[in-house]
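Colleague: prediction below, plus the sequence it came from.
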Amino acid sequence: MLIKAGLWLACFWGAAACGVAAEPTAKDAVALAEKGARFMRLKGKEEMIRLINTRHPEYNQGALYLAMRDLGGITVAHPTVALIGKDLRDVPDADGKLFRHEMIAIANGPGRGWVDYKFRNPANGKVEDKTTYVLRIGDVALEAGVYKH
């Protein structure tokens, strides 16, 4: 009985303890971008690009993943390799917002910050509110976003 009570409490306080992945949070997005920045400082940009593009589990955790864009707006690294080399600045979100322009402005300005927009969530196919943390490292920006619930 004591074991069942302990398992119930673990499930109540944290879904991961029950084998159910918790939704990533804004804090997780910041942590992932900062982790990528530390890795780049130690191993270099090219190795970070390789890990992102090959969906390395340290930087691709399903709904939460790291992407890289140059300061002009070209996608340098992304788990969806079809996006690499693309300039998607003028592709709006579901409400017509050119959110990538904001991402580039943050990278070229303060160097870190958040951008809110709407995007199709691959987990359920619905357009949902999303927020992405942008962090400039040298001549690129790392991006990690989460869906708001």
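Modeller: Yep, it's here.
Colleague: show me how far the longest strand belonging to the chain is from its chain's centre.
Modeller: Using DSSP state E to assign secondary structure, the strand with the most residues in the chain is strand 127-137. Taking the mean C-alpha point of strand 127-137 and that of its whole chain, the gap between them comes to 6 Å (C-alpha atoms, centre = their mean, to the nearest Å).
Colleague: alpha carbons only: can I get the next helix or strand after that strand in PDB?
Modeller: The helix or strand immediately downstream of strand 127-137 is strand 140-147, counting by DSSP states H and E. Taking only C-alpha atoms (Å, rounded to 0.1, in the frame of the first residue of the first chain), the coordinates of strand 140-147 have been written out as PDB:
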ATOM      1  CA  VAL A 140      24.000  33.000 -35.900                       C
ATOM      2  CA  ALA A 141      20.900  32.700 -33.700                       C
ATOM      3  CA  LEU A 142      19.800  29.600 -31.800                       C
ATOM      4  CA  GLU A 143      16.100  29.200 -31.500                       C
ATOM      5  CA  ALA A 144      14.000  26.900 -29.200                       C
ATOM      6  CA  GLY A 145      10.300  27.200 -28.900                       C
ATOM      7  CA  VAL A 146       7.400  25.700 -27.000                       C
ATOM      8  CA  TYR A 147       3.600  25.600 -27.500                       C
END
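Colleague: elements contacting the longest strand of the chain?
Modeller: Secondary structure elements in contact with strand 127-137, counted by 3 or more C-beta pairs under 8 Å, 6 or more residues apart in numbering; DSSP states H and E, are helix 26-43, helix 99-108, strand 112-120, strand 140-147. Using the backbone N, CA and C atoms, a C-beta is placed for each residue, glycine as well.
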